[in-house]
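*Asks:* I'd like to go over a predicted model; first the sequence, then the structure.
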Amino acid sequence: MSLTALQPPGWPAPRGYSNGMAGTGRVVLVGGQIGWDAAGAFAAGFVPQVAQALRNILAVLAEAGGGPEHIARLTWFVVDMDEYRGSLASLGPAYRAVMGRNFPAMSLVAVTALVEPAARVEIEATAILPA
């Protein structure tokens, strides 16, 4: 099973994500993950919290036998858009360190707050694993 990126003809290539993904198989939905570890300790700072949230997604996905190559969609919720934009230079390397060169369809939404007050980001995932 593999995912296929969907790119309409003539559209500029997206940077760091895909416009759409297609695949067949078993769908796994991972609820929003935040930047804390198994002990409930938060990573310090936005980029470390993103990396931890992604590791948490992969831990849940591993329970279904999946990995980063199976993720078709990520939705990010951030509490500070300026913090996100200011972190772009270090965010790319941190993302690739956890996810490799897998770039699913992504959305990013600014929200006023997350349930956990110390959380800077929450990320949910949709994956498609082989049937």
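*Replies:* Sure thing, it's come through.

*Asks:* where does the protein dip in pLDDT?
*Replies:* Along the chain, segments meeting pLDDT under 70 span 1.

*Asks:* which other helices and strands contact the biggest helix by length in it?
*Replies:* For the chain, the longest helix by residue count, based on DSSP state H, is helix 46-62. Judged by 3 or more Cβ pairs under 8 Å, 6 or more residues apart in numbering; DSSP states H and E, helix 46-62 is in contact with strand 26-34, strand 71-78, helix 88-99, strand 121-129. All C-beta atoms are positioned from the backbone trio N, CA, C, and that covers glycine.

*Asks:* one more pass at 6 Å, please.
*Replies:* Judged by 3 or more Cβ pairs under 6 Å, 6 or more residues apart in numbering; DSSP states H and E, helix 46-62 is in contact with strand 26-34, helix 88-99, strand 121-129.

*Asks:* contacts for it, please.
*Replies:* 30, 33-35, 43, 83, 87, 90-91, 94, 98-99, 120-121, 123, 125, 127 (Cβ atoms under 6 Å, 6 or more residues apart in numbering).

*Asks:* likewise stretch 111-121?
*Replies:* 34, 42, 46, 49, 50, 53, 77, 78, 79, 122.

*Asks:* hmm, 10 Å instead?
*Replies:* With contact meaning Cβ atoms under 10 Å, 6 or more residues apart in numbering, stretch 111-121 is reached by 32-36, 40-50, 52-54, 76-81, 83-84, 87, 108, 122.

*Asks:* out of the helices and strands packed on helix 46-62, which is closest to residue 5?
*Replies:* strand 121-129 (12.9 Å; Cβ to Cβ).

*Asks:* perfect, I'm done here.
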